[in-house]
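Participant: Here is my input; please provide its structure:
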Amino acid sequence: MLLTKTLEVNPLSEADISRVIEMAWEDRTPFEAIEVQFGLNQDGVIKLMRKNLKLNSFKLWRERTHGQTTKHLKLRGDDVVRHQSKQHNKLYR
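Facilitator: Residues are numbered from 1 along each chain as shown. Next up is the predicted model:
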């Protein structure tokens with residue numbers, strides 16, 4: 001008998017979804033910061049954006065973020081600085 005384990009996923013609140021969308025649009029907020037705060041990796045953010053934005057808005061966002069080095073901590077230069085939230089230390093440990 002094969003038993004499968006189902007994982008319960010806490011759905012994001014409307015406020016959380018709104019904040020993820022806001023962070024995803026910001027040029028200097030890396031995907032890693034969204035993952036630390038909300039548990040969504042880059043693919044999860046893309047799915048959330050696709051589901052919650054109008055098609056044209058989603059396409060504009062993807063064009064804007066595709067290949068953008070500031071959206072990835074490993075690719076961004078040292079010259080990109082911003083206010084550091086309480087979550088910052090979790091990203092760099």
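Participant: other SSEs contacting the helix or strand encompassing residue 56?
Facilitator: Using DSSP states H and E, the element containing residue 56 is helix 55-65. Secondary-structure packing of helix 55-65 (3 or more CB pairs under 8 Å, 6 or more residues apart in numbering; DSSP states H and E): helix 14-25, helix 42-52. Every C-beta, even on glycine, is put in place using the N, C-alpha and C of the backbone.
Participant: Now that helix: average pLDDT?
Facilitator: This predicted structure assigns helix 55-65 an average pLDDT of 93.
Participant: how about residue 21, what does it touch?
Facilitator: Neighbour list for residue 21: 48, 49, 52, 53 [criterion: CB atoms under 8 Å, 6 or more residues apart in numbering].
Participant: The second one contacts residue 23, correct?
Facilitator: Spelled out, it's residue 49. No - because the distance of 10.8 Å does not satisfy CB atoms under 8 Å, residue 49 is recorded as not touching residue 23.
Participant: how many neighbours does residue 12 have?
Facilitator: By the criterion of other CB atoms under 10 Å, residue 12 has 16 neighbours.
Participant: Quick one, grab the pLDDT at it.
Facilitator: What the model reports for residue 12 is a pLDDT of 93.
Participant: Residue 29 now?
Facilitator: Looking at residue 29, its pLDDT is 88.
Participant: what's the burial count for it?
Facilitator: For residue 29, the tally of surrounding residues (other CB under 10 Å) stands at 18.
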